[in-house]
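Q: Provided below for reference: sequence and predicted model.
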Amino acid sequence: MGPDLIYDVGVNHGEDTAFYLAKGFRVVGIEANSLLCDEAREKFADAVAAGRLQLVNAAVAETEGPVTFYRNTTVSDWGTTSPDWAARNRRLGTQSDEITVPGMRFESMLEKFGMPYYLKIDIEGADLQCVRALARFNERPRYVSIESTMTSWDGLLQEFELLRDLGYVRFKLVNQLDVPMQVCPFPAREGRYVEHRFVHGSSGMFGDEAPGDWLTHREAVREYRRVFLHYRWFGNDGVLSNFNWERPLIWRAKRYLPARRWYDTHASR
């Protein structure tokens, strides 16, 4: 395991990559959208030249070779290889271009670049492909984070089962709406200390710096039961998502509803 290596799976605009580089880590950034990958190459040209950042323009896939990628033209980080996720995105009012991109097995990426200290995964609908790939290796990251499912309780239990089978025994639930309010601790608990302003959509702090207490498997699942009650009503596929918000009375009521939340699950060995 590279003690100073982080994988940023789903680079998007590089918000997380910038944070990891600032903290002194080397980064492997994986991004299927070639436009976003080119943007990252330009933005982090110095880190690329110094060998501190390696960018991979490919989609994580079950097999090597070309795959269909739905590049979201409305919300950049909603790009996906999953037709089901692309259909969900259309229901939520966004548009996608159907393009062909290189597909690469995550096992191949790990073999090529090495096992990271921290593995951040945020690739709509394909996070668990990366998690499953870890089973083929005796050495695994100390920390992993994934965007937890918002639509299936059985799917959530499967996520925890996979992580537990891989030896992850401590968990944190991080509300992504709160990430812009995170403040890096001093002294640093991961890497070096930086003053960093987190933007909406970034993953935020990780490892022992991630907010909240480490929970057992049972405690984390119990917390998610409460979260799923919120998802049932206010999630992207929740009861209230089917309302016609253009109707005047409903539109005025919308401002009083709780914001739609989503959570990352952080896991530690």
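A: All right, it came through fine.
Q: correct me, but residue 156 touches residue 228?
A: Yes. In this structure, residue 156 is within contact of residue 228 by C-beta atoms under 8 Å, at 7.4 Å. (Glycine included, C-beta is placed from N, CA and C.)
Q: between those two, which one's more packed in?
A: residue 156 (22 against 17; other C-beta atoms under 10 Å).
Q: List the contacts of the more buried one.
A: Contact partners of residue 156, counting by C-beta atoms under 8 Å, 6 or more residues apart in numbering, are 148-149, 221, 224, 228.
Q: Which members of those residues are the farthest-apart pair?
A: 149 and 221 (12.9 Å; C-beta to C-beta).
Q: of the two, who's got more company?
A: A direct count of neighbours by other C-beta under 10 Å for residue 149 and residue 221 places residue 149 higher, at 22 against 15.
Q: so who does the more buried one touch?
A: Contacts of residue 149 by C-beta under 8 Å, 6+ apart are 155-156, 159.
Q: at 6 Å instead, please
A: Contact analysis of residue 149 by C-beta atoms under 6 Å, 6 or more residues apart in numbering lists 155-156.
Q: which stretches of this structure form strands?
A: In the chain, the strands defined using DSSP state E lie at 2-9, 26-30, 53-56, 59-60, 65-72, 96-104, 116-121, 143-147, 170-175, 263-268.
Q: and the fifth one, what does it pack onto?
A: Secondary-structure packing of strand 65-72 (3 or more C-beta pairs under 6 Å, 6 or more residues apart in numbering; DSSP states H and E): strand 96-104.
Q: and the strand it packs on, what's its mean pLDDT?
A: Strand 96-104 shows a mean pLDDT of 92.
Q: Tell me what angle that strand forms with strand 26-30.
A: If you take axes from the mean of the first three to the mean of the last three C-alpha atoms, to 10 degrees, strand 96-104 sits at 130 degrees to strand 26-30.
Q: now strand 96-104, how far from the centre of its chain.
A: Centroid separation for strand 96-104 versus its chain: 19 Å, with C-alpha atoms, centre = their mean, to the nearest Å.
Q: go on, stretch 75-93?
A: 15 Å.
Q: got the contact list for that stretch?
A: 12, 33, 59, 67, 69-72, 94, 96, 124-126.
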